[in-house]
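J.: sharing a sequence plus its predicted fold:
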Amino acid sequence: MREVVIIDKLTHSYPPSRRQYKPRIALNNITFTIQHSEVFCLLGPNGSGKSTLFRILSTLLRPTSGIIKIFDLDLIHQTDNIRHIIGVVFQNPSVDKKLTVRENLVHQGHLYNLSGNLLNDRILEMLTKVKLLDRADDVVEKLSGGLQRRVELAKAMLNKPRLLILDEPSTGLDPGARRDFDNHLQELRTVDSVTVLLTSHILEEAERCDRIAILDQGNVVALGSPQKLKEELGGDIISITSKDPETLSLSMKKYFHSAPHIIDGIIRIERQNGHEFIPELVQAFPGQIDTVTLSKPTLEDVFIQKTGHRFWENGK
């Protein structure tokens, strides 16, 4: 497949502040690509660097160093050209809630030098795509959060972008509205061949993407499809509670020749055929184990395996 976004050795640092004497590194020499018509997720807790990367890719922030190309255009030197082929949906609402849906799209169209019949046709097309045509003359503030998010999507699509960039698009949406919004993104990918890049801290949202890059403290710690990343863990996740997890963990390491993690006082170990391993575990350490649970790997398990801490430990 064709690579439409190329990120190579990208670094960004923020200058020192009054409380911090050294520059703060938000992105640390990251490299990856995004394929044509792919739904790609930048997944990470708050402070992981994903919002900085969003600002750079949406041309709002100039990186400290590195190379970014979008459809073979250099983001640093061909910024204006790139702005004509991308659509952006920000985390914070950018619609005017006192205007109608149609009025919001008219003003957005003027920013792209659209007017007359062309603009009217484009508004009709986009409202049809997001299933808001019957709400075109409703004032935005009277719409639900999910419908307002669709207005944002229609705005971002007015210029028919080849790349759609969204920052935390599901923030504030209930599960039903979140699924509806995700379905709209999938339709844009399959019907219109739009490449979709979104940032998220919601693990379930990342599960529905083609590939994800997991960020932690400015680094890409994992890259691949959700299924592939979970399969790389190599088995089931066994979680063990004990009155003395440190001592039990050391004993398990010597006995089984593998190093379990202790996360929030819970011992975690990855094993193939975990249901067969649990009886052996309980028999080896009688009286030292309070509870044992068995589960299939999740994206949070991937994050823990790559970083040694829980998803929300560094970003709350």
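T.: Looks like it arrived, so ask away.

J.: so what strands line up beside whichever strand or helix holds residue 262?
T.: Counting by DSSP states H and E, the element that carries residue 262 is strand 261-263. Here strand 261-263 has these sheet partners by DSSP bridges: strand 266-271 (antiparallel).

J.: with just CA atoms, put whichever helix or strand comes after the partner strand into PDB.
T.: Next in sequence after strand 266-271, counting helices and strands by DSSP H and E, comes helix 274-284. What follows is the C-alpha trace of helix 274-284 in PDB, where atoms were taken according to Å, rounded to 0.1, in the frame of the first residue of the first chain:
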ATOM      1  CA  GLY A 274      -2.800 -20.000  31.300                       C
ATOM      2  CA  HIS A 275      -5.600 -22.300  32.400                       C
ATOM      3  CA  GLU A 276      -3.000 -25.100  32.600                       C
ATOM      4  CA  PHE A 277      -0.400 -23.000  34.400                       C
ATOM      5  CA  ILE A 278      -2.700 -21.800  37.200                       C
ATOM      6  CA  PRO A 279      -3.000 -25.200  39.100                       C
ATOM      7  CA  GLU A 280       0.800 -25.500  38.900                       C
ATOM      8  CA  LEU A 281       1.200 -22.000  40.300                       C
ATOM      9  CA  VAL A 282      -1.200 -22.600  43.200                       C
ATOM     10  CA  GLN A 283       0.400 -25.900  44.100                       C
ATOM     11  CA  ALA A 284       3.900 -24.400  44.000                       C
END
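
J.: adjust the sequence numbering to begin at 337 for everything that follows.
T.: Understood, numbering begins at 337; the last thing we discussed is helix 610-620.

J.: pLDDT averaged over the strand holding residue 598, what's the number?
T.: In this model, strand 597-599 has a mean pLDDT of 87.

J.: what's the answer for stretch 433-448, then?
T.: 95.

J.: then stretch 527-539?
T.: 92.

J.: with stretch 628-647 instead?
T.: 88.

J.: list the buried residues for that stretch?
T.: Judged by neighbour count using 16 or more other C-beta atoms under 10 Å, the buried positions of stretch 628-647 are 628, 633, 634, 635, 637, 638, 639, 640, 641, 642, 643, 647. In short, each C-beta sits where N, CA and C put it, glycine included.

J.: likewise stretch 564-573?
T.: Neighbour counts over stretch 564-573 (16+ other C-beta under 10 Å) mark 565, 566, 569, 572, 573 as buried.

J.: so how far is residue 345 from residue 433?
T.: According to C-beta to C-beta, to the nearest Å, residue 433 stands 42 Å off from residue 345.

J.: what's the answer for residue 442, then?
T.: For residue 442, the distance to residue 345 - C-beta to C-beta - is 42 Å.

J.: which one of those two has more residues nearby?
T.: In this view residue 442 and residue 345 are compared by other C-beta atoms under 10 Å, and residue 442 has more residues nearby, 17 against 11.
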